[in-house]
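Student: I'll drop the sequence and a predicted model, then ask my questions.
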Amino acid sequence: MWFIILVVIAAGLSVAQIKMPAYQRVVLENGAVLFLMPKKDLPLVSLSVSLRGGAESDPGGMQGLAAITTEMLLRGTANRTRERLAEDMDQLGITARVGTGKQFMGLGMQFLSKDFTKAEELLEDVLLHPSFAENELKRLVEQKVDGVKVAKDRPQMALMEYFSGFYFGKEHPYGRSTNGDELSLPKINREAVEKFWKTAFVGKNLVIVAAGDFDPKTIEAQLRKLFEKLPSGTAYLTKNVVSPKLGESRLLLVDLPGATQTYFAIAQPGIERTNVHRTPLELVNTLFGGRFTSMLNDALRVDSGLTYGANSVVQLDRLPGAISIMTFTKTETTEAAMDLALKQLEKLQTTGIDSEQLASAKAYVKGEYPTKRLETIDQLSAVLTDMEVFGLNRGEVDDLISRIDSVTLEQANAIARRYYKTSGLVFVLVGDAAKIRKTMDKYAKDVRVVKISEPGF
């Protein structure tokens, strides 16, 4: 987590400064990047191992391979069954987790600092000797397929999956499901998993972060010994993909017969993670739909009672993402809710925000950021990984306050006009087509309807 220092100015004013705790960045002989961040406040250590690529590196037609491979790491090694591995971790009080994102995948562990050596031994077994047992793989694939069925029974989950494919297109790395679908998952076998892991788990692809209560010199030596056993290999080469070109508005209606509510998204082009507009855009989005007291939530929930919540999300990844309005409403108020959401877009585009609103957004982001990103050693590890993967530096944190303070009202409104438009929108809805299809033509000429029972997203 980020560390907050209150600096008392001579004039008597207190200005909150957000600073990254001290850390070291070391490049191992095989190209692996190791971060060491000692923090002595609690007798805990967070150790994370991330591999570049993630879901973006899934081969065509095999969506979910990265996620499956990562999850298999905790399902047994050449020396330990799944049950034995879990038991050994439980005895040490180790909390282990795996995860796969669009840009990277990995394994994280948190444990008592006194157990570092024993925890590292388990980590070595997991990473260097995964068994990828056939029976465990079969069970996991079946669970993932069941998970797809569950997602399609839960409109909110389904909306996110269908949205990605429709907005980005199936050829775009962000248009494919991270966890796979009914079509791709059955294709994943042990041979594919082993090949994927062998290619991904190499020095030039690794970002290792140790944060917590430890001596840096001692831990650096231990982690060098472990990770320099790996070959350098080849770093994952990111693909240059053309962002979706949006002209006329288009709409996808996913038919869920009998649904009593409609979940919908309204999206338009956003920015990439390193875009220079990311700070003013965050401020504008905070006011538009990034917090409870926002334009969207006030209009759709507080004032009209059309929903229990409405928000706006700015996707920040390696490639330009989307800016999306997300909400839900009763089937019979679908049109009213969509119209009101679009009205808020128009209001932001034409009226903009005032100085009081901007000051409120600045205070909100400054206050939320430390607790959201810098409070725990796990959060700090995530920030360091994020910085390395996206080519950022500590200024991403240390300069946050100055970047926020430098945003003028004129700049904020220019950002609002540039990124929150009322035309060329992409609509995705999950609901009962028999009851809402007839009103969809008012939003787009290109209207497509798919049955949720059809395979894939």
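Tutor: Thanks, I have the structure now. Residues are numbered from 1 along each chain as shown.
Student: Just give me the longest strand of this structure.
Tutor: The longest strand of the chain (DSSP state E) is strand 320-330.
Student: Downstream of that strand, the next helix or strand is which one?
Tutor: helix 334-350 (DSSP states H and E).
Student: and residue 257, what does it touch?
Tutor: 432, 433, 434 (CB atoms under 8 Å, 6 or more residues apart in numbering). Where C-beta positions appear, they are placed from N, C-alpha and C, glycine not excepted.
Student: who's in contact with the second one?
Tutor: This points to residue 433. Contacts of residue 433 by CB under 8 Å, 6+ apart are 253, 255, 257, 449.
Student: how far off helix 334-350 does the longest strand of the chain point, in degrees?
Tutor: 140 degrees (axes from the mean of the first three to the mean of the last three CA atoms, to 10 degrees).
Student: Identify the bridge partners of residue 322.
Tutor: Beta-bridge partners recorded for residue 322 (DSSP bridges): residue 269.
Student: Which residues are in contact with residue 155?
Tutor: By CB under 8 Å, 6+ apart, the neighbours of residue 155 are 256, 259, 261, 262, 263, 328, 430, 431.
Student: Give me the neighbour count for the third one.
Tutor: Counted with other CB atoms under 10 Å, residues neighbouring residue 261 total 19.
Student: do the same with the last one
Tutor: Other residues within reach of residue 431, judged by other CB under 10 Å, total 27.
Student: which intervals of this protein have sub-threshold pLDDT?
Tutor: Scanning the chain for pLDDT under 70 picks out the ranges 1-16.
Student: Show me the residue sitting in the middle of it in space.
Tutor: By CA atoms, centre = their mean, the chain has its centre lying nearest to residue 101, at 6.1 Å.
Student: which ones are touching that one?
Tutor: Residue 101 touches 54, 55, 178, counting by CB under 8 Å, 6+ apart.
Student: repeat that with 7 Å
Tutor: 54, 55 (CB atoms under 7 Å, 6 or more residues apart in numbering).
Student: Now do the phi/psi pair for it.
Tutor: Main-chain dihedrals, residue 101, degrees, to the nearest 10: phi -110, psi -170.
Student: mind listing the strands for the stretch 201-350 of the chain?
Tutor: 206-212, 250-255, 261-269, 310-316, 320-330 (DSSP state E, counting those that start in this stretch).
Student: so which of these is the most packed in?
Tutor: strand 206-212 (a mean of 26; mean count of other CB atoms under 10 Å).
Student: That one pairs with which strands?
Tutor: strand 33-38 (parallel), strand 44-52 (antiparallel).
Student: Point out the most buried one among the ones you listed.
Tutor: strand 44-52 (a mean of 24).
Student: C-terminal to that one, what's the next element?
Tutor: helix 65-72.
Student: Give me the neighbour count for the residue lying closest to residue 192 once chain neighbours are set aside.
Tutor: Leaving aside its sequence neighbours, residue 192 sits nearest to residue 65 (CB to CB, 6 or more residues apart in numbering; 6.2 Å). Neighbourhood size, residue 65 [other CB under 10 Å]: 24.
Student: measure the residue nearest to the centre of the chain to residue 176 for me?
Tutor: Per CB to CB, to the nearest Å, residue 101 is found 13 Å from residue 176.
Student: likewise residue 19?
Tutor: In terms of CB to CB, residue 19 sits 38 Å off from residue 176.
Student: More neighbours: the two, which one.
Tutor: Taking residue 19 and residue 176 together and counting by other CB under 10 Å, residue 176 has the greater number of neighbours (26 against 17).
Student: Surely the more buried one and residue 58 touch.
Tutor: Yes: the criterion here is CB atoms under 7 Å, and residue 176 meets it with residue 58 at 6.5 Å.
Student: for the residue nearest to residue 192, what are its contacts?
Tutor: Residue 65 touches 58, 59, 188, 192, 196, counting by CB under 7 Å, 6+ apart.
Student: Look up how far residue 175 lies from it.
Tutor: 16 Å.
Student: Over to residue 390?
Tutor: For residue 390, the distance to residue 175 - CB to CB - is 20 Å.
Student: repeat for residue 123
Tutor: 34 Å.
Student: Compare these two (neighbour count), which wins?
Tutor: When residue 123 and residue 175 are compared for neighbours, residue 123 comes out ahead with 21 against 18, by other CB under 10 Å.
Student: Look at the closest residue to the more buried one other than its chain neighbours and give its secondary structure.
Tutor: Excluding its sequence neighbours, the residue lying closest to residue 123 (CB to CB, 6+ apart) is residue 109, at 6.3 Å. When classified by DSSP: H, G, I helix; E, B strand; the rest coil, residue 109 comes out as strand.
Student: Residue 109 pairs with what?
Tutor: Beta-bridge partners, per DSSP bridges, of residue 109: residue 47, residue 96.
Student: Looks like it contacts residue 121 (just checking).
Tutor: No: when contacts are counted by CB under 7 Å, residue 109 is not listed as touching residue 121 (11.6 Å).
Student: higher neighbour count, those two?
Tutor: residue 109 (21 against 13).
Student: who's in contact with that one?
Tutor: Contacts of residue 109 (CB under 7 Å, 6+ apart): 47, 94, 95, 96, 119, 123.
Student: if we take the residues you listed, which one ends up nearest to residue 26?
Tutor: Closest approach to residue 26 among the contacts of residue 109 (CB to CB): residue 47, at 14.6 Å.
Student: tell me the contacts of that closest one?
Tutor: Residues 109, 123, 210 are the ones in contact with residue 47 under the rule CB under 7 Å, 6+ apart.
Student: sec struct for the second one, please.
Tutor: Going by three-state DSSP, the secondary structure assigned to residue 123 is helix.
Student: Run a quick neighbour tally on residue 448.
Tutor: 13.
Student: burial count for residue 409?
Tutor: 15.
Student: Report the contact partners of it.
Tutor: Contacts of residue 409 (CB under 7 Å, 6+ apart): 355, 358.
Student: Repeat the analysis, applying 10 Å as the threshold.
Tutor: 352, 353, 354, 355, 356, 357, 358, 359 (CB atoms under 10 Å, 6 or more residues apart in numbering).
Student: Quick check: phi and psi at it.
Tutor: Dihedral angles for residue 409 - degrees, to the nearest 10 - are phi -60, psi -40.
Student: Repeat that for residue 308.
Tutor: phi -90, psi -10.
Student: And the helices in the stretch 101-250 of the chain?
Tutor: 116-128, 134-153, 155-168, 190-200, 216-227 (DSSP state H, counting those that start in this stretch).
Student: so which of these gets nearest residue 372?
Tutor: helix 155-168 (20.8 Å).
Student: so how far is the closest one from its chain's centroid?
Tutor: Distance of helix 155-168 from its chain centroid, counting by CA atoms, centre = their mean, to the nearest Å, is 15 Å.
Student: just the angle between that helix and strand 261-269, please?
Tutor: Using the same axes, to 10 degrees: helix 155-168 against strand 261-269 is 30 degrees.
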